[in-house]
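[1] Quick one: sequence plus predicted model below, questions after.
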Amino acid sequence: MSHLLWSSVGKKLLTGITGFLLMGFIIAHLLGNLTLLIGPAAFNHYAHFLETLFHGWAVYVFEVGLIAFFVTHAAAAVTVAVADKAKARPQAYAKKEDAGFTSRMSFSSKSMIYTGTLIALFVIWHVKSFKFGGALPIPDGHGGEIKDLYSVVAAAFAQPLIVGIYVAIMILLGLHLRHGFWSAFQSLGWTNKRWLPVLETLAMVFAVVMAFGFLVIPIIMYFTGGDAGVHHLSAGGR
């Protein structure tokens, strides 16, 4: 079984499957982060819900699973890329006999290893900054306390350098997703010559929506001072 998983075909399957799982996480993470634009109470209660789900066990199980998917995805993708380069065939999907169509090399496909590495380093820094950012407890409005994670995020996004880093990394995420979306389908054999253009269009839309959704949050919080969020914008900045 392990021999099958770490064969050339097996590694491509692992890359595709874990890629889909990670894309699902990205969607869920964006939806949760959008509560930052509603205001402190919405985001803090959302974060508190996640932290206390199933007495706090859910977040740990989820984090362990996410790390496993991330490491597996990275390891499989890197070994496939190295093997392809060693064979002097950098286009992992170029052979007609393998997929039924020729390679569609682009900047995003050629830079997958580099964008993936930068995103991985960013995730480590992101987790260190926010998960272990020293959020202070505040009243939850019901006689209890919750962590004021919103203030940690708002303080970070008040700094132009950090906002710039986030925007740059989200653009790289978009490039990574643009190629990763359709290649995940291809890795699992769920595409053909007819449907590939459709998948490429969907990949572009998905990548743009995800990248824009993430990068607009720090920009809005920076220019509105954080806690105003969408209410500040809808009120014309009053």
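    Okay, I see it.
[2] Could you report the separation of residue 172 from residue 215?
    From residue 172 across to residue 215, the span is 11 Å (C-beta to C-beta, to the nearest Å). Where you see a C-beta, it was placed from the backbone N, CA and C, and this is true even at glycine.
[3] now do residue 67
    24 Å.
[4] Specify which residue of these two has the higher count of neighbours.
    Set residue 67 next to residue 215 and count neighbours by other C-beta atoms under 10 Å: residue 215 wins out with 19 against 11.
[5] Surely that one is in a helix?
    Yes: looking at residue 215 with DSSP: H, G, I helix; E, B strand; the rest coil, it is inside a helix.
[6] so which strand or helix has the closest residue to it other than its chain neighbours?
    In space, and not counting its chain neighbours, residue 215 is closest to residue 170: 3.9 Å by C-beta to C-beta, 6 or more residues apart in numbering. Secondary-structure element containing residue 170, defined by DSSP states H and E: helix 160-187.
[7] Quick check: buried residues in that helix?
    Within helix 160-187, the residues scored as buried using 16 or more other C-beta atoms under 10 Å are 162-163, 165-167, 169-187.
[8] how about the residue nearest to residue 215, what does it touch?
    211, 214, 215 (C-beta atoms under 8 Å, 6 or more residues apart in numbering).
[9] pLDDT score for the closest residue to the second one other than its chain neighbours?
    Beyond its immediate neighbours in the sequence, the residue positioned closest to residue 214 (C-beta to C-beta, 6+ apart) is residue 170, lying 4.5 Å away. The predicted local distance difference test score for residue 170 is 98.
[10] mind listing the helices for this protein?
    If DSSP state H is used as the criterion, the helices of the chain fall at 2-5, 8-33, 40-52, 57-86, 96-99, 107-110, 112-130, 149-156, 160-187, 196-224, 229-234.
[11] pLDDT averaged over the last one - what is it?
    Taken as a whole, helix 229-234 carries a mean pLDDT of 43.
[12] for the third one, same thing?
    Helix 40-52 shows a mean pLDDT of 94 in the predicted model.
[13] buried set for it?
    Here helix 40-52 shows 40, 43, 44, 46, 47, 48 as buried, counting by 16+ other C-beta under 10 Å.
[14] quick one: contacts for the residue most central in space within the chain?
    Per C-alpha atoms, centre = their mean, the C-alpha nearest to the average position across the chain is that of residue 26, at 4.1 Å. Contact partners of residue 26, counting by C-beta under 8 Å, 6+ apart, are 173, 177, 210.
[15] okay, the residues you listed in JSON lines with distance to residue 79 next?
    Listed next are the contacts of residue 26 as JSON lines, based on distance: C-beta to C-beta, whole Å:
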{"residue": "173", "distance to residue 79": "22"}
{"residue": "177", "distance to residue 79": "21"}
{"residue": "210", "distance to residue 79": "26"}
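[16] ok, residue 44 - contacts?
    138, 140, 146, 147, 148, 149, 150 are the contacts of residue 44 under C-beta under 8 Å, 6+ apart.
[17] Would you mind giving those residues as JSON lines with neighbour count and pLDDT added?
    Shown next, in JSON lines, are those (neighbours: other C-beta atoms under 10 Å; pLDDT from 0 to 100):
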{"residue": "138", "neighbour count": "16", "pLDDT": "89"}
{"residue": "140", "neighbour count": "14", "pLDDT": "79"}
{"residue": "146", "neighbour count": "21", "pLDDT": "90"}
{"residue": "147", "neighbour count": "18", "pLDDT": "91"}
{"residue": "148", "neighbour count": "18", "pLDDT": "94"}
{"residue": "149", "neighbour count": "22", "pLDDT": "94"}
{"residue": "150", "neighbour count": "26", "pLDDT": "96"}
